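**Student:** model this:
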Amino acid sequence: MIQRILVIRLSAIGDVILASAPLLNLKISHPEAKISLLTREKNREIAGLMAGVDEVIPFPEDVGIITLYRIAEELDKIGFDVVVDLHGNFRSFFLSHHLAGLKVRYPKRRWERWRATRRGDRKVLNLSPPHTIDLYNQALHKLGSEIHARRPVIQLPPTPDDIDSSVARHPRVALAPGASFPTKQWFPDRFEKLAVQLHEKFRAGVVVYLSENDRELYRLREHIPEDFLKFHGNAPLPILAASLRQVDLLISNDSALAHLGSAVGTPVLALFGPTHPTLGFAPRGLRDRVIQVDEFCRPCSLHGRTRCYREEQYCFTRIGVDDVMASAAEYLQGNFKGTPALFVDRDGTLIKEKEFIRLPEEVEPEEGAIDAIKAARQAGFKIIVISNQSGVARGYFDEETVRRINHRVKSIFRDEGAPID
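**Tutor:** Residues are numbered from 1 along each chain as shown. You can find the predicted model right below:
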């Protein structure tokens, strides 16, 4: 029996967020196992919001070979049954190699990615590439794990909406003009024009997540009323995640915030310049979209840090404010964010499992079920109950009996302040 699992994903923040899906799959397949995530200290807070993580083991920022060996020795003393390498670099290979237990590694597509970033006729693009989450999950197949989660997901506690009630009826758009490298940033002046147009056309409230290089966007105070404008600086990731959950749309560069938006269920419009979805790191939310232009030089590097060698950075100069506005309008003019819903089994989950309930009087809520439904409703979820009543096919009772029992279930939960939709 598997009791201890070590997952290695050292950095970066966006890739750690993508790892939330395979971590959840591990927990579903091995619910009794303790899952430890080895990652950078800066990722601890966001990793703590992942349902599949029981423990975060911090990995130092600067590590030499001697320190790496000592870390491997300390990890080996814990006695992990399984080591899952979701990083695929020298350090993660070294650590997993020195640990006992079953080892699985994700296929990193090094050759294919290298070919995609070459110049000229040597460049080869896979236009239907596997996503990194799918590659992570592919590694879990070797453990016999079931694959359910294919999108990033983090759990946030219910938080009050911090938007003024006079603004709440208007759409809310978040802008994230930062990125890990300046070459991955769409131009700040275009983000500024975009914010003004979003407010003027849709009366949208605008939330701006600023990095150290985006201070000029404070000029938006001259064009957007204070009630409709909010700035976030270097806030902790859980606070940013809670803020992102409250908006209707996130417009971002290719950055960690794009993946964070996906993980909390907010639609993302991601601006890709020097990077490319062929590398496997596009936002994976249900309603996410990448805005990009075809340029023969894209992608120019794996992480987008390479300085552009052309007379201008066409991959970004050709993306105009009107192009982004047109895509944003499709979201803001419809209910693209949707409504979150929780699908719950009836017998054994909402009510106590009994052999073929025939009478409404036999219905008893399962322990903790009412509190769980209350919490889900407070988090904004609709509650939908699904149930396969084979007793009808067996002739034990008819459909009318099922309807009466379902009515009794709804009445009990409604009277306790946990109504079912």
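**Student:** this protein: strands as residue ranges?
**Tutor:** Under the criterion DSSP state E, the chain contains strands at 4-8, 34-40, 55-59, 82-85, 102-105, 172-176, 205-209, 229-232, 249-253, 268-271, 289-291, 341-345, 382-386.
**Student:** ok, Trp186 touching Leu269?
**Tutor:** No: using C-beta atoms under 8 Å, Trp186 makes no contact with Leu269, being 10.9 Å away. (Glycine included, C-beta is placed from N, CA and C.)
**Student:** quick one: which of those two has more around it?
**Tutor:** Neighbour totals were compared for Trp186 and Leu269, and Trp186 leads with 26 against 22 (other C-beta atoms under 10 Å).
**Student:** sorry, back to before: which among the strands of the chain is found nearest to Ala282?
**Tutor:** strand 289-291 (5.4 Å; C-beta to C-beta).
**Student:** flag every buried residue along stretch 253-260.
**Tutor:** Residues 253-260 are the ones in stretch 253-260 that count as buried (16 or more other C-beta atoms under 10 Å).
**Student:** residue ranges in the stretch 251-400 of the chain under the pLDDT threshold?
**Tutor:** Counting by pLDDT under 70, the stretch 251-400 of the chain contains low-confidence residues at 335-338.
**Student:** please, where are all the helices along it?
**Tutor:** For the stretch 251-400 of the chain, helices defined by DSSP state H, counting those that start in this stretch occupy the ranges 256-263, 314-317, 321-332, 369-378, 390-394, 399-415.
**Student:** and the first one, what does it pack against?
**Tutor:** Taking 3 or more C-beta pairs under 8 Å, 6 or more residues apart in numbering; DSSP states H and E as contact, the helices and strands that helix 256-263 lies on are helix 13-18, strand 172-176, helix 237-245, strand 249-253, strand 268-271.
**Student:** between that helix and strand 172-176, how many degrees?
**Tutor:** Per axes from the mean of the first three to the mean of the last three C-alpha atoms, to 10 degrees, the angle that helix 256-263 makes with strand 172-176 is 150 degrees.
**Student:** strand 249-253 and helix 256-263, what's the angle between them?
**Tutor:** 150 degrees.
**Student:** return helix 256-263 as CSV; C-alpha atoms alone will do.
**Tutor:** Backbone C-alpha positions of helix 256-263 (Å, rounded to 0.1, in the frame of the first residue of the first chain) are rendered in CSV as follows:
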residue,chain,number,x,y,z
ALA,A,256,1.7,33.0,-13.5
LEU,A,257,-1.4,35.2,-13.0
ALA,A,258,-3.0,33.8,-16.2
HIS,A,259,-2.8,30.3,-14.7
LEU,A,260,-4.0,31.6,-11.3
GLY,A,261,-7.0,33.0,-13.0
SER,A,262,-7.7,29.7,-14.7
ALA,A,263,-7.4,27.9,-11.3
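**Student:** tell me which residue is most central in this structure.
**Tutor:** The centroid of the chain falls nearest to Ala263 when counting by C-alpha atoms, centre = their mean (2.0 Å).
**Student:** that residue and Gly48: what is the separation?
**Tutor:** From Ala263 over to Gly48 the distance is 13 Å, taken as C-beta to C-beta, to the nearest Å.
**Student:** check Leu249 too.
**Tutor:** Here Leu249 is placed at a distance of 27 Å from Gly48 (C-beta to C-beta).
**Student:** how about Arg109?
**Tutor:** 29 Å.
**Student:** kindly report the same for Phe59.
**Tutor:** 15 Å.
**Student:** the more surrounded of these two?
**Tutor:** Comparing Phe59 with Gly48 by other C-beta under 10 Å, the one with more neighbours is Phe59, at 22 against 15.
**Student:** I'd guessed the more buried one sits against Leu37; true?
**Tutor:** No: using C-beta under 8 Å, Phe59 is not in contact with Leu37; the gap is 9.7 Å.
**Student:** what does stretch 366-378 contact?
**Tutor:** With contacts defined as C-beta atoms under 8 Å, 6 or more residues apart in numbering, stretch 366-378 is touched by 158, 342, 344, 348-352, 383, 413, 416-420.
**Student:** let's go with 6 Å and repeat that
**Tutor:** 158, 342, 350-352, 383, 416, 418 (C-beta atoms under 6 Å, 6 or more residues apart in numbering).
**Student:** kindly report the same for stretch 228-240.
**Tutor:** With C-beta under 6 Å, 6+ apart, stretch 228-240 has contacts from 45-46, 167, 199, 205-210, 220.
**Student:** which of the helices of the stretch 251-400 of the chain has the highest mean neighbour count?
**Tutor:** The densest packing among the helices of the stretch 251-400 of the chain, expressed as mean neighbour count by mean count of other C-beta atoms under 10 Å, is seen in helix 256-263 with a mean of 28.
**Student:** relative to strand 205-209, how tilted is that helix?
**Tutor:** Angle, helix 256-263 to strand 205-209, by the same axes, to 10 degrees: 130 degrees.
**Student:** so which residues of the stretch 51-200 of the chain form helices?
**Tutor:** Listed in chain order, the helices of the stretch 51-200 of the chain (DSSP H, counting those that start in this stretch) span 65-78, 90-97, 110-116, 132-141, 165-168, 188-202.
**Student:** on that earlier part again, could the helices of the stretch 251-400 of the chain go into a markdown table alongside distance to His97?
**Tutor:** Formatted as a markdown table, the helices of the stretch 251-400 of the chain follow (distance: least, C-beta to C-beta, whole Å):
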| stretch | distance to His97 |
| --- | --- |
| helix 256-263 | 29 |
| helix 314-317 | 39 |
| helix 321-332 | 46 |
| helix 369-378 | 43 |
| helix 390-394 | 51 |
| helix 399-415 | 53 |
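**Student:** domains of this structure?
**Tutor:** Split into domains by automatic domain parsing, the chain comes to 4-141, 170-332, 341-415.
**Student:** now the end-to-end length of stretch 141-149.
**Tutor:** 13 Å (C-alpha to C-alpha, to the nearest Å).
**Student:** also stretch 44-63?
**Tutor:** Taking C-alpha to C-alpha, the first and last residues of stretch 44-63 lie 18 Å apart.
**Student:** please save the CA atoms from stretch 320-334 in PDB.
**Tutor:** Provided in PDB are the C-alpha atoms of stretch 320-334 (Å, rounded to 0.1, in the frame of the first residue of the first chain):
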ATOM      1  CA  GLY A 320      -3.700  46.200 -31.200                       C
ATOM      2  CA  VAL A 321      -6.000  47.500 -28.500                       C
ATOM      3  CA  ASP A 322      -9.000  47.000 -30.800                       C
ATOM      4  CA  ASP A 323      -8.100  43.300 -31.200                       C
ATOM      5  CA  VAL A 324      -8.100  42.800 -27.500                       C
ATOM      6  CA  MET A 325     -11.300  44.800 -27.100                       C
ATOM      7  CA  ALA A 326     -13.100  42.700 -29.700                       C
ATOM      8  CA  SER A 327     -12.300  39.500 -27.800                       C
ATOM      9  CA  ALA A 328     -13.100  41.100 -24.400                       C
ATOM     10  CA  ALA A 329     -16.500  42.200 -25.800                       C
ATOM     11  CA  GLU A 330     -17.500  38.600 -26.600                       C
ATOM     12  CA  TYR A 331     -17.000  37.700 -22.900                       C
ATOM     13  CA  LEU A 332     -18.600  40.900 -21.300                       C
ATOM     14  CA  GLN A 333     -21.600  40.900 -23.500                       C
ATOM     15  CA  GLY A 334     -22.500  37.300 -22.500                       C
END
